[in-house]
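**Student:** no sequence on this one, just coordinates:
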C-alpha cells in the first residue's frame, strides 16, 4: 500500500518543484527588467527623454522614479517582503499604463509590456510562494 501512495506523491512533488522554479524564473525576469529600467532612469535619463516628453513627465523626475523602481524590485526579490514588493510593482506598472492611456496610446507596446510584467509579477509570486496559493486557490 505504501508503494501506491508514493506513486501518487511523486508527481505532486515534481509539479511543486517545477512551479517553484517557474515562479523563480518569472520573478527573476521581472526583477531584471525593473532593475534595468531603474538604472536607466538614474544613470542614462537622456536615453528615455523622448518617452518622458511624450508622456508629459519632466526629466527631473528620473532621479525620483529610478530609486522608486529599484526599491520595488528589491522588495519584490526578497521573500519576506515579496508581497509588498508585488503590490508596489503593480501600482507602478498601473501608473505607467495610465500615463499611456492618458495620451491616447491604448494598446501601445509600453502598455502591453507593463501589463505582461504585472501578470508575471503575480504569477511568479503565486508559483513560488505557498502562502499566496493558500489565499488564492485557483485549482482544488
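**Tutor:** Sure, I can see it. Please read these numbers as outputs of a predicted model, since none were measured by experiment. Residues are numbered from 1 along each chain as shown.

**Student:** could you give me the buried positions within stretch 50-60?
**Tutor:** 52, 55 (16 or more other CB atoms under 10 Å). From N, CA and C alone the C-beta is placed, and that goes for glycine too.

**Student:** list the contacts of that stretch.
**Tutor:** Here stretch 50-60 makes contact (CB atoms under 8 Å, 6 or more residues apart in numbering) with 45, 49, 61, 62, 99, 100, 102, 103, 110.

**Student:** contact partners for the third one?
**Tutor:** It stands for residue 61. residue 52 are the contacts of residue 61 under CB under 8 Å, 6+ apart.

**Student:** distance of the residue nearest to the spatial centre of the chain relative to residue 37?
**Tutor:** Nearest to the geometric centre of the chain sits residue 121, at 3.0 Å (CA atoms, centre = their mean). Between residue 121 and residue 37 the distance, using CB to CB, to the nearest Å, works out to 13 Å.

**Student:** list the contacts of the residue nearest to the centre of the chain.
**Tutor:** Going by CB under 8 Å, 6+ apart, residue 121 touches 27, 30, 76, 86, 89, 90, 93.

**Student:** most surrounded residue in the residues you listed?
**Tutor:** Counting neighbours by other CB atoms under 10 Å, the top entry in the contacts of residue 121 is residue 30, with 28 neighbours.

**Student:** what helix or strand is that one located in?
**Tutor:** Secondary-structure assignment from DSSP states H and E places residue 30 in helix 2-43.

**Student:** right, and the helix or strand after that helix?
**Tutor:** As assigned by DSSP H and E, the chain's next helix or strand after helix 2-43 is helix 49-55.

**Student:** after that next one, which helix or strand is next?
**Tutor:** Using DSSP H and E, the helix or strand that directly follows helix 49-55 along the chain is helix 62-77.

**Student:** what's the helix or strand just after that following helix in contact with?
**Tutor:** Next in sequence after helix 62-77, counting helices and strands by DSSP H and E, comes helix 82-102. Outside helix 82-102, the residues within contact range by CB under 8 Å, 6+ apart are 27, 30, 34, 55-57, 68-69, 71-78, 106, 108, 110-111, 114-115, 117-118, 121-122, 125, 129, 132.

**Student:** again with stretch 130-139
**Tutor:** By CB under 8 Å, 6+ apart, the residues outside stretch 130-139 that reach it are 83, 125, 126.
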